[in-house]
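Enquirer: Have a look; sequence and predicted model below, questions after that.
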Amino acid sequence: MEHIFFHPLIVDPARAFDGDRMSKGYDDWFVTVYEFRRILQSLYERGYVLVDIRTLFDVREENGRTVVALKIPLVPAGKKPLVLSVDDLNYYDYMLQNGNASRLVLDDTGRVAALYRDRSGNEVISREIEIVPIVDHFVEMHPDFSVGGAKGVIALTGYEGVLGYRTQADSPQRERERSAAEPVVRRLKETGWVFASHGYGHLDARKVSLDRLKSDTERWKREVEPIVGPTAIYIYPYGSRPETGGDKFRMLTEFGFRMLCSVGPAPYLKTTDGAVMMDRRHIDGIAFRDQRERLKPLFDVEQVIDPARPR
Ligand SMILES: [Zn+2]
């Protein structure tokens, strides 16, 4: 089953690709609004439908053991299920300087929109510049693109807050920011979005020690979970997956993470040792350059690539 992921969209390519030290990273790991819109249209035309990742598996207790089983999502005849996720929708400080939006907000109709602050400090609130509102609008126009109103997974770290709100423990405005984030989180959940842990500090789970990964996980549970609610979905930063069945893997399952997502160039979904493992394809500049053939079932790179991207 296809699972694709993106980072927050590039709203202003001139700022992302301005030749500073972040430009290469933006060219490698991000897509623009222009590209995302074309990708979405292609996915729709090719018969993909968004499904809720939580409908892919079942967790139950059997004789004192936690058993995780895969489920086949029901999709209309001729349609292909697709899971969409967005990583690092935290709007880190560096993103604010490089052409991403700055936070998710509710617009004057109560719908989720993105706030963008341009180089001169002018602020715009728009539903046309970020994955969440673009998908929301697309599904409003094409309800058959979503099974049961499902949209996607939002994977959050915690070290610079969530969704552009600086809710982390060391933030002086923590309480105010948290109150401001809450209605946005509520609306996201009501409109088909699901949250996942992306670790607290974006650590490499394979490289760090068990203790470090455990305290990172505890910190996420302490600081982020109270805002977004409990989740069984864990999305490994860097797609770096520790050994299946090993100490780190077991620690994460004991914390309730039963769907563990990594990164791979092709669909992968398997259940083992009390968890579901799912690979996701990265959709970004690297994939556009190196995986044109593999991406063909989803979209044609030539048709979606933004002319504003460096050549
Ligand atoms: Zn990440």
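Expert: Structure's in. What do you need? Numbers count the residues shown, from 1 in each chain.

Enquirer: Next up, the contacts around the closest residue to the ion within the stretch 151-300 of the chain.
Expert: Using Cβ to the ion, residue 237 is the residue of the stretch 151-300 of the chain that sits closest to the ion, at 4.7 Å. Any C-beta I mention is one placed from the backbone N, CA and C, and that applies to glycine too. Residue 237 makes contacts with 157, 198, 199, 202, 203, 204, 205, as judged by Cβ atoms under 8 Å, 6 or more residues apart in numbering.

Enquirer: Repeat the analysis, applying 6 Å as the threshold.
Expert: 198, 199, 202 (Cβ atoms under 6 Å, 6 or more residues apart in numbering).

Enquirer: Check residue 292 too.
Expert: Residue 292 sits in contact with residue 301, where contact means Cβ under 6 Å, 6+ apart.

Enquirer: what pLDDT does it get?
Expert: Predicted confidence (pLDDT) for residue 292: 96.

Enquirer: Show me the strands in the stretch 51-200 of the chain, by range?
Expert: Applying DSSP state E, counting those that start in this stretch to the stretch 51-200 of the chain gives strands spanning 57-62, 65-70, 80-87, 103-106, 112-117, 123-126, 152-156, 193-197.

Enquirer: Mind putting these into a markdown table with mean pLDDT and distance to residue 217?
Expert: Formatted as a markdown table, the strands of the stretch 51-200 of the chain follow (pLDDT from 0 to 100; distance: least, Cβ to Cβ, whole Å):
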| stretch | mean pLDDT | distance to residue 217 |
| --- | --- | --- |
| strand 57-62 | 92 | 18 |
| strand 65-70 | 91 | 17 |
| strand 80-87 | 98 | 17 |
| strand 103-106 | 98 | 25 |
| strand 112-117 | 98 | 28 |
| strand 123-126 | 98 | 34 |
| strand 152-156 | 98 | 13 |
| strand 193-197 | 98 | 8 |
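
Enquirer: how about stretch 292-306 as CSV, C-alpha atoms only?
Expert: Output in CSV follows, covering the C-alpha atoms of stretch 292-306 (Å, rounded to 0.1, in the frame of the first residue of the first chain):
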residue,chain,number,x,y,z
ARG,A,292,11.4,9.2,-11.8
GLU,A,293,10.6,5.6,-12.9
ARG,A,294,9.5,4.4,-9.4
LEU,A,295,7.2,7.5,-9.1
LYS,A,296,5.5,6.8,-12.4
PRO,A,297,2.5,5.0,-10.8
LEU,A,298,1.8,8.2,-8.8
PHE,A,299,2.7,11.0,-11.1
ASP,A,300,5.1,12.1,-13.9
VAL,A,301,7.9,14.2,-12.5
GLU,A,302,8.1,16.2,-15.7
GLN,A,303,4.5,17.2,-15.3
VAL,A,304,4.8,18.4,-11.7
ILE,A,305,8.2,19.9,-11.2
ASP,A,306,8.3,23.7,-10.5
